[in-house]
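Enquirer: no sequence for this one, just the structure:
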């Protein structure tokens, strides 16, 4: 997801909150438990980095 710098970064949460033990990722948003825990206090730059990782994980999961 690419957002202009002026746009607040939305949460990737889609309310499907289940951690998959084999990957350590949430089945809904593809974040790690650490990323989920840090999200509320993260600055926009950190959130954009998390979104970049999510997109990589989604692509890898689709392959």
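Expert: Structure received. This is a predicted model, so every value here is computed, not measured. Residues are numbered from 1 along each chain as shown.

Enquirer: point to the helix or strand of the chain where mean pLDDT is at its lowest.
Expert: Lowest mean confidence among the helices and strands of the chain (mean pLDDT, DSSP states H and E): helix 44-62, at a mean of 94.

Enquirer: got a list of contacts for that one?
Expert: Identification of contacts with helix 44-62 by CB atoms under 8 Å, 6 or more residues apart in numbering yields 1, 3, 5, 8-9, 12, 25, 29-31, 35, 38-39, 42. Just so you know, the C-beta spots here come from the backbone N, C-alpha and C atoms, and that holds for glycine as well.

Enquirer: same question for stretch 9-16.
Expert: Residues outside stretch 9-16 that contact it (CB under 8 Å, 6+ apart) are 3, 26-31, 36, 39, 44, 47-48, 50-51, 54.

Enquirer: next, the buried residues of it.
Expert: 9, 12 (16 or more other CB atoms under 10 Å).

Enquirer: could you give me the average pLDDT of it?
Expert: Mean pLDDT, stretch 9-16: 96.

Enquirer: what about it, distance to the chain center?
Expert: 8 Å (CA atoms, centre = their mean, to the nearest Å).

Enquirer: now do the end-to-end distance for it.
Expert: End-to-end span of stretch 9-16 (CA to CA, to the nearest Å): 19 Å.

Enquirer: and the pLDDT at residue 28?
Expert: We have a pLDDT of 96 for residue 28.

Enquirer: where does the residue nearest to residue 39 when sequence neighbours are not counted sit: helix, strand or coil?
Expert: Closest residue to residue 39 apart from its sequence neighbours, by CB to CB, 6 or more residues apart in numbering: residue 11 at 6.4 Å. Using DSSP: H, G, I helix; E, B strand; the rest coil, the structure places residue 11 in coil.
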